[in-house]
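Novice: Quick one, fold the following:
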Amino acid sequence: MSPSVSETGRRFAVVGNPDNRRVALFADAVRAAGLPAPRVVAWLDVLRDGGADFGAEEIVRVDSPGEDEEVDRLLRGEGEPTRVEGSARWYAGLTGALAGLRGGLRLDDPDDLAVLFDKRRCHAVLDAAGVPVPASPTSGPAAPPVRGWDDVRALMREHRMPRLFVKPAHGSSASGVLAVESGGGGRIRATTSVERTADGSLHNSLAVRRYEREADIAAIVDALAPDGLHLERWLPKASQDGRAADLRVVVVAGRATHAVVRTSRTPLTNLHLGGRRGDLDAVRRSVEAAGARWSDVLGVCERAAACFPRTLCVGVDLLPAVGWGRAAVGEVNAFGDLLPRLTGLPGSGAEGLDTYATQVAAALHRHPPAPGPDAHRALLTPL
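Specialist: Numbers count the residues shown, from 1 in each chain. As a prediction, this is how the structure comes out:
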């Protein structure tokens with residue numbers, strides 16, 4: 001028999017967009033656990049009212065403010081939802097809104113989220129904790145500023161990085177990311193989803209394209225630089241079926257519970273940019289054939305998540321090296337759990353559960369109900 005809210009003393013609340021697929025999936029997982037549907041507090045209301053209040057017993061999940069044009073306009077200050085510029089204002093609006101949330105038992109820590117949404121700070125935290133990451137000259141508070149393409153060029157020479165990723169410090173979903181490679185004779189090329197229009201504005205596109213004129217690349221970087229840029233050495237990645245491969249690993253309550261392989265013929269493996277899901281069992285066999293242990297690969301992701309102990313769930317982008325024997329962490333994503341129909345890894349404690357049901361179970365275990373004769377009925381199998 002499923003527990004009722006009176007027996008558990010718990011109810012979930014979500015800060016998100018009511019029509020967002022992520023919120024809908026999380027709500028389904030809450031109901032499947034026998035609990036009432038979450039109370040959804042819309043990002044629009046949070047941004048307009050300067051915050052939101054939650055009951056002391058509510059377990060509060062913060063979800064992505066994306067996928068809503070009006071929310072994006074309020075955060076970014078742009079009337080065009082596809083515009084890439086404005087990420088610094090977006091970040092300031094997000095962190096300000098998080099600071100205005102009051103009450104509740106949080107699944108996402110505002111201070112953690114502020115670091116996770118600044119690639120320079122996140123990289124520095126991971127590096128200081130001994131988590132393997134690509135080398136970066138822009139990591140941490142003492143890093144030099146990147147004011148435009150001339151600074152990028154200078155750092156490429158100084159740090160001997162002929163191939164690197166140029167990323168907006170506060171970007172997500174590969175928005176504004178450029179994979180830059182230089183060669184002899186001054187040749188240079190950038191692979192990106194950025195579309196530069198005739199008037200010089202930058203727009204997100206679902207089409208990955210290449211720019212081979214340095215003037216075009218410089219114009220894009222110069223336009224993005226005022227929002228803050230993060231540079232990382234481009235690590236050669238392992239491949240599967242002739243396609244570059246990496247992994248998105250979801251870590252819930254400190255344990256790697258779900259993983260998906262992403263493959264692409266371009267340096268950008270994001271599934272919405274044409275990447276395809278690969279064969280996870282084949283990856284595991286490749287790792288073991290290289291003399292490494294699969295548990296150690298997942299352990300790298302768990303070490304990355306441990307840098308953010310007050311946040312229940314993160315999505316780690318893991319970059320396996322050529323040969324599959326080593327791996328580094330490319331990014332840690334606060335909202336990296338949108339992997340529909342994917343159930344837990346064997347031995348993870350989340351077998352048969354998707355990412356959202358896993359979080360519900362972990363949240364109830366982390367925040368058990370007040371002691372009472374039926375309290376034990378509120379807990380799902382702990383992770």
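Novice: got the contact list for stretch 291-303?
Specialist: Contacts to stretch 291-303, defined as CB atoms under 8 Å, 6 or more residues apart in numbering, come from residues 129-132, 249, 251, 254-256, 259, 284, 287-288, 316, 318, 320, 324-329, 345. Quick note: C-beta positions are derived from backbone N, CA and C, even for glycine.
Novice: Please identify the buried residues of that stretch?
Specialist: Of all the residues in stretch 291-303, those buried under the rule 16 or more other CB atoms under 10 Å are 292, 294, 297-298, 300-303.
Novice: now swap in stretch 125-139 and tell me
Specialist: 125-127, 131-139.
Novice: just how off-centre is it within its chain?
Specialist: 16 Å (CA atoms, centre = their mean, to the nearest Å).
Novice: could you give the mean pLDDT of that stretch?
Specialist: Across stretch 125-139, pLDDT averages out at 97.
Novice: returning to that earlier point: got TSV for the buried residues of stretch 125-139, with secondary structure and distance to Lys119 too?
Specialist: Below are these laid out as TSV (DSSP: H, G, I helix; E, B strand; the rest coil; distance: CB to CB, whole Å):
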residue	secondary structure	distance to Lys119
Val125	helix	11
Leu126	helix	10
Asp127	helix	12
Val131	coil	14
Pro132	coil	16
Val133	coil	11
Pro134	coil	11
Ala135	coil	14
Ser136	coil	9
Pro137	coil	13
Thr138	coil	8
Ser139	coil	9
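Novice: Tell me the one of the residues you listed nearest Gly274?
Specialist: Pro134 (22.8 Å; CB to CB).
Novice: is it true that that closest one touches Leu231?
Specialist: No: counting by CB atoms under 8 Å, Pro134 stays clear of Leu231, with 9.5 Å between them.
Novice: So what's the residue count around Val208?
Specialist: When neighbours are defined as other CB atoms under 10 Å, Val208 has 20 of them.
Novice: what's the answer for Val252, then?
Specialist: Neighbour number of Val252 under other CB under 10 Å is 26.
Novice: Roughly how far does it sit from Gly228?
Specialist: Applying CB to CB, to the nearest Å, one obtains 30 Å for the distance of Val252 from Gly228.
Novice: Now do the helices in the stretch 201-350 of the chain.
Specialist: 214-224, 280-289, 294-305 (DSSP state H, counting those that start in this stretch).
Novice: what's the offset of the host helix or strand of Ala154 from the middle of its chain?
Specialist: Using DSSP states H and E, Ala154 falls within helix 149-158. Centroid separation for helix 149-158 versus its chain: 27 Å, with CA atoms, centre = their mean.
Novice: Which residues does that helix contact?
Specialist: 137-138, 144-146, 161-162, 164, 166, 180, 182, 217-218, 221-222, 225, 229, 231.
Novice: Let's see that with 10 Å instead.
Specialist: 136-138, 143-146, 161-164, 166, 178, 180, 182, 188, 214-215, 217-225, 229, 231, 233 (CB atoms under 10 Å, 6 or more residues apart in numbering).
Novice: what bridges to the nearest residue to Tyr211 once chain neighbours are set aside?
Specialist: Nearest residue to Tyr211, sequence neighbours excluded (CB to CB, 6 or more residues apart in numbering): Ala190, at 4.8 Å. Beta-bridge partners for Ala190, by DSSP bridges, are Val180, Tyr211.
Novice: Spit out the contact partners of Ala190.
Specialist: Ala190 sits in contact with 166, 177-182, 209-214, 216-218, 220-221, 267, where contact means CB under 10 Å, 6+ apart.
Novice: Run through the bridge partners of Ala328.
Specialist: In beta-bridge terms (that is, DSSP bridges), Ala328 pairs with Leu319.
Novice: still on that earlier bit, if any of the contacts of helix 149-158 are buried, put those into a PyMOL selection.
Specialist: Burial among the contacts of helix 149-158 is assessed by 16+ other CB under 10 Å; the matching PyMOL selection reads:
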select buried, resi 136+137+138+143+146+161+163+164+166+178+180+182+188+214+217+218+219+220+221+222+223+224+225+229+231+233
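Novice: Next, find the distance separating Asp118 from Ser139.
Specialist: 11 Å.
Novice: Just confirm Arg48 is within a strand.
Specialist: No: counting by DSSP: H, G, I helix; E, B strand; the rest coil, Arg48 falls outside a strand, being helix.
Novice: Correct me if wrong: it contacts Leu75.
Specialist: No: when contacts are counted by CB atoms under 10 Å, Arg48 is not listed as touching Leu75 (12.0 Å).
Novice: who's more crowded, those two?
Specialist: Leu75 (23 against 10).
Novice: That one belongs to a helix?
Specialist: Yes: counting by three-state DSSP, Leu75 is part of a helix.
Novice: isn't it right up against Leu94?
Specialist: Yes: assessed by CB under 10 Å, Leu75 is found in contact with Leu94 at 6.2 Å.
Novice: Now do the contacts for the spatially closest residue to Thr266 that is not a sequence neighbour.
Specialist: Closest residue to Thr266 apart from its sequence neighbours, by CB to CB, 6+ apart: Val208 at 4.9 Å. Counting by CB under 10 Å, 6+ apart, Val208 makes contact with 174, 179, 191-194, 264-268, 270, 273-275.
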